[in-house]
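Peer 1: got a structure for you, letters missing:
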């Protein structure tokens, strides 16, 4: 039995112009036909489900390239993770994943968890035992001894060599390697401005991961760490904040040019508050104001020089919900200078390509998996339409309607 959605505006994720009064047909979890106007007679029989959705826009399910499923969004994720049992974190991760799915996010890249928790969740979703999005799991991120996110149990001190630790992660069934090249804000004693992993170690990690067929996502705020990641050949750089010494910033155009030449993609993973620049605490307002201004400027400069960009919300970090994608998107248009179409491509086809999934996800093309998002309204003219989710399909199955999971 096929499902036919008709009388919709179709945005296929490739950057092609929208198709008005379109129809899309999917069966067996796969897209079978995409047409302008009416569908072929073969799909009109009574055995097929037909939905006329006048006024709706259909686009590929969204890709959130940077989340932490075992984080609660509370003020102190480190303390929460250390105190929680595996069972509690598994339930939290499932709830977070399903909240994202109901908001139209059909693919999540988890950029750091504890133990095998997210791999187990991914496997249960893939087997059909649980409803959820496509999940890519990094497992515990590789970090320096007592470095950023050490509490996720991924310290280099636990292995004989960096290559050994990468092979251990591969043996645990990860989909990618996450490496913490600089310090971060969530770990006491860790400085985001400082490189925490030497360049030679980054090279060993990256080369080993690539030999094993795994992509590498590198957390890097500081300029030295960013340069080391580019030279190591990582696949994506998360945040890419260009923090310099003391309170300054250190944007390096020559490093950006190497990023372009090597195809390194950035995932800014900025929170929705970048849209208005308000700090969570008044004492941090001056820092946040300077950080936001610099991030908007340097990320725009990188985009103008040709660096590829994908979208991640950093959901799970303090104050960042798993259904905050729509609220984050204006940062990319108003702040980074992407057009609405470019932003939607970053959220779909370009995100899927950067994650190595574009052979089956990210665009509404015949033969690809039927991951679809049905919206009320037109996101090209009003990005807030991304928050007006009518239906979500994953693998051709209706999994959410009007923000509520259906099964």
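Peer 2: That came through fine. None of the values given here were measured: they were computed from a predicted structure.

Peer 1: ok, which stretches of the stretch 101-250 of the chain are strands?
Peer 2: Counting by DSSP state E, counting those that start in this stretch, the stretch 101-250 of the chain has strands at residues 105-110, 134-137, 176-180, 215-222, 236-243.

Peer 1: Residue 264: which of those is closest?
Peer 2: strand 236-243 (6.1 Å; Cβ to Cβ). Using the backbone N, CA and C atoms, a C-beta is placed for each residue, glycine as well.

Peer 1: from the chain's centre, how far out does the closest one sit?
Peer 2: 14 Å (Cα atoms, centre = their mean, to the nearest Å).

Peer 1: pLDDT on that strand, on average?
Peer 2: Averaging pLDDT along strand 236-243 yields 96.

Peer 1: Could you list every helix and strand in contact with whichever helix or strand comes after it?
Peer 2: On the C-terminal side of strand 236-243, the closest following helix or strand by DSSP states H and E is helix 253-262. Counting contacts by 3 or more Cβ pairs under 8 Å, 6 or more residues apart in numbering; DSSP states H and E, helix 253-262 packs against helix 223-232, helix 285-304.

Peer 1: can you list the ones you listed in CSV and add mean neighbour count?
Peer 2: Converted to CSV, the helices and strands packed on helix 253-262 look like this (neighbours: other Cβ atoms under 10 Å):
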stretch, mean neighbour count
helix 223-232, 24
helix 285-304, 17
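
Peer 1: Going by mean pLDDT, which of those comes out lowest?
Peer 2: helix 285-304 (a mean of 87).

Peer 1: now that we're looking at the residue lying closest to residue 205 once chain neighbours are set aside, which residues does it contact?
Peer 2: The shortest distance from residue 205 to any non-neighbouring residue, by Cβ to Cβ, 6 or more residues apart in numbering, is to residue 162 (4.9 Å). The contact partners of residue 162, taken as Cβ atoms under 8 Å, 6 or more residues apart in numbering, are 142, 156, 201, 204-205, 208.

Peer 1: and residue 318, how many neighbours does it have?
Peer 2: 16 (other Cβ atoms under 10 Å).

Peer 1: How about the secondary structure of the closest residue in space to it that isn't next to it in sequence?
Peer 2: Among residues not flanking residue 318 along the chain, residue 75 sits closest, at 5.3 Å (Cβ to Cβ, 6+ apart). Look at residue 75: counting by DSSP: H, G, I helix; E, B strand; the rest coil, its state is coil.

Peer 1: Would you mind measuring from residue 75 to residue 320?
Peer 2: Separation of residue 75 from residue 320 (Cβ to Cβ, to the nearest Å): 12 Å.

Peer 1: These two - which one has more neighbours?
Peer 2: Taking neighbours as other Cβ under 10 Å, residue 75 and residue 320 compare with residue 320 leading, 21 against 11.

Peer 1: How about the contacts made by the more buried one?
Peer 2: So residue 320 contacts 73, 271-272, 313-314 (Cβ under 8 Å, 6+ apart).

Peer 1: Between strand 215-222 and the helix or strand bottoming out on mean pLDDT in the chain, find me the angle.
Peer 2: Among the helices and strands of the chain, helix 285-304 carries the lowest confidence by mean pLDDT, DSSP states H and E, at a mean of 87. If you take axes from the mean of the first three to the mean of the last three Cα atoms, to 10 degrees, helix 285-304 sits at 130 degrees to strand 215-222.

Peer 1: I'd like the distance from helix 285-304 to the chain centre, please.
Peer 2: Worked out by Cα atoms, centre = their mean, helix 285-304 lies 20 Å from the chain centre.

Peer 1: residue boundaries of the helices in the stretch 251-400 of the chain?
Peer 2: Along the stretch 251-400 of the chain, counting by DSSP state H, counting those that start in this stretch, helices occupy 253-262, 285-304, 325-330, 340-347, 349-354.

Peer 1: So residue 185 versus residue 221, what's the distance?
Peer 2: 8 Å.

Peer 1: burial count for residue 277?
Peer 2: 15.

Peer 1: residue contacts, it?
Peer 2: Taking Cβ under 8 Å, 6+ apart as the test, what residue 277 contacts is 288-289, 292-293.

Peer 1: Check residue 243 too.
Peer 2: Counted by Cβ under 8 Å, 6+ apart, residue 243 has contacts 182, 192-193, 221-223, 249-250.

Peer 1: Also residue 257?
Peer 2: Per Cβ under 8 Å, 6+ apart, neighbours of residue 257: residue 305.

Peer 1: Need the pLDDT of it.
Peer 2: Residue 257 is given a pLDDT of 98.

Peer 1: swap in the one 3 residues further on?
Peer 2: According to the prediction, residue 260 has pLDDT 98.

Peer 1: which residue sits closest to it in space, ignoring its chain neighbours?
Peer 2: Residue 260's closest residue in space is residue 306 (Cβ to Cβ, 6+ apart), at 4.5 Å.

Peer 1: circling back: so which of the helices and strands packed on helix 253-262 comes closest to residue 133?
Peer 2: Closest among the helices and strands packed on helix 253-262, using Cβ to Cβ: helix 285-304, at 26.0 Å.

Peer 1: Neighbours of residue 388, how many?
Peer 2: 18.

Peer 1: and the gap between the closest residue to it other than its chain neighbours and residue 53?
Peer 2: Closest residue in space to residue 388, ignoring its immediate chain neighbours: residue 376 at 4.2 Å, by Cβ to Cβ, 6+ apart. Distance, residue 376 to residue 53, by Cβ to Cβ: 9 Å.

Peer 1: The one residue sitting closest to the centre of the chain in helix, strand or coil?
Peer 2: The structure's the chain has its C-alpha centroid closest to residue 65; by Cα atoms, centre = their mean the separation is 1.3 Å. Under three-state DSSP, the three-state class of residue 65 is strand.

Peer 1: got a list of what the closest residue in space to it that isn't next to it in sequence touches?
Peer 2: Nearest residue to residue 65 in three dimensions, chain neighbours excluded: residue 312, at 4.1 Å (Cβ to Cβ, 6+ apart). Contact analysis of residue 312 by Cβ under 8 Å, 6+ apart lists 64-67, 109, 111, 238, 267-269.

Peer 1: Turn these into a markdown table, columns for distance to residue 121.
Peer 2: Putting these into a markdown table (distance: Cβ to Cβ, whole Å) gives the following:
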| residue | distance to residue 121 |
| --- | --- |
| 64 | 15 |
| 65 | 18 |
| 66 | 17 |
| 67 | 12 |
| 109 | 13 |
| 111 | 15 |
| 238 | 21 |
| 267 | 21 |
| 268 | 26 |
| 269 | 21 |
